Each structure stands twice: as C-alpha cells, then as structure tokens.
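> Sequence first, then the predicted structure:
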Amino acid sequence: MDDINDNNVSISFFKEKVKDFVEERGWAKYHSPKNLVQALNCEAGELSQLLLFKELPIEEIVNDDMLLNKIADESADVFIYLLSLINSLGLDLTASFMSKMDKNRKKYPISEFNNGIYFKK
Ligand SMILES: [Mg+2]
C-alpha cells in the first residue's frame with residue numbers, strides 16, 4: 001500500500017476499494033443516492049469546519065501537520081462518499097469529469113479573463 005499514490009492509480013482502483021469496503025460490511029442497503037449525497041455533504045461540512053473563521057495563509061496550513069492531516073482525512077471522506085455515489089449510480093467519473101471540464105472551458109473562456117478577473121469584451 002505504501003507504493004500507491006496519485007501518480008500510479010486509476011479511479012477504478014478507488015471505486016473497487018470503496019465497493020469492497022461497503023459490500024464487506026453489508027452497508028449497500030443504506031446507500032441510497034439521497035443518503036450518499038447527504039453523507040458527502042456532512043463530510044464536506046467537517047472539512048469546512050476545519051477552516052471556519054480562520055484566515056490562514058496556505059503556508060501556515062501546510063506547516064501545521066495536525067491541521068493538514070485533518071484536512072487530508074476529511075478530503076478522503078468526501079472522496080469516499082463521492083465514489084460510493086458514483087458506484088451506486090453506475091456512473092463513470094472520468095467521463096463525467098471530462099464532460100464537465102469541457103462545459104467549464106466553454107462557460108469560462110480564457111479570453112474573458114485577465115489575471116483572474118472577469119471581463120466581457
Ligand atoms: Mg469525516
């Protein structure tokens with residue numbers, strides 16, 4: 001497991017891990033799309049709470065091991081519930097990502113932004 005990182009695994013690897021974890025515990029019966037979306041939102045809330053009312057520069061966050069580990073844990077929780085949702089609906093996350101990025105490129109064309117600031121010609 002130590003050799004696994006973002007550079008050498010695929011989405012299907014994560015989908016399979018989450019599917020196995022859920023099936024081994026008999027949790028699939030509780031994983032309706034509604035429950036999974038709500039659980040995902042709860043985990044996003046836990047992630048958000050870590051930075052609530054804090055105006056920390058990135059350098060301060062990345063140098064705070066305890067905070068950074070909590071952010072990593074909650075980010076993983078969000079990802080796990082997203083994968084469970086994707087699994088339950090039989091979606092292909094890569095296809096969804098590619099499609100949505102294409103829509104975003106059209107919605108936010110580079111030509112309409114200058115140094116991050118929107119302007120319309
Ligand atoms: Mg959590």
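Received it, and whenever you're ready, just let me know what you need. Numbers count the residues shown, from 1 in each chain.

> what's in contact with stretch 81-96?
11, 14-15, 18-19, 22, 28, 31-33, 36-37, 39-40, 43 (CB atoms under 8 Å, 6 or more residues apart in numbering). Heads up, the C-betas are built off the backbone N, CA and C, glycines and all.

> Distance from the chain centre to that stretch, please.
Put simply, stretch 81-96 sits 11 Å off its chain's centre (CA atoms, centre = their mean, to the nearest Å).

> Can you give me the buried ones in that stretch?
81, 82, 83, 84, 85, 86, 87, 88, 93 (16 or more other CB atoms under 10 Å).

> Which of the contacts of stretch 81-96 fall in helices?
11, 14, 15, 18, 19, 22, 33, 36, 37, 39, 40, 43 (DSSP state H).

> What does the residue of the chain found nearest the ion show for phi and psi?
Closest residue of the chain to the ion, CB to the ion: residue 77 (3.8 Å). Main-chain torsions, residue 77, degrees, to the nearest 10: phi -60, psi -40.

> show me what contacts it?
Going by CB under 8 Å, 6+ apart, residue 77 touches 43, 46, 47.

> List the contacts of the residue nearest the centre of the chain.
Centroid check for the chain by CA atoms, centre = their mean gives residue 79 as the closest residue, at 4.2 Å. Residue 79 makes contacts with residue 14, as judged by CB under 8 Å, 6+ apart.

> Check residue 33 too.
For residue 33, the contacting residues are 85, 88, 89, by CB under 8 Å, 6+ apart.

> So what are the sheet partners of the helix or strand of the chain with the lowest mean pLDDT and their directions?
Within the chain, no helix or strand scores below strand 113-114, which has a mean of 87 by mean pLDDT, DSSP states H and E. Partners of strand 113-114 in the sheet, by DSSP bridges, are strand 117-118 (antiparallel).
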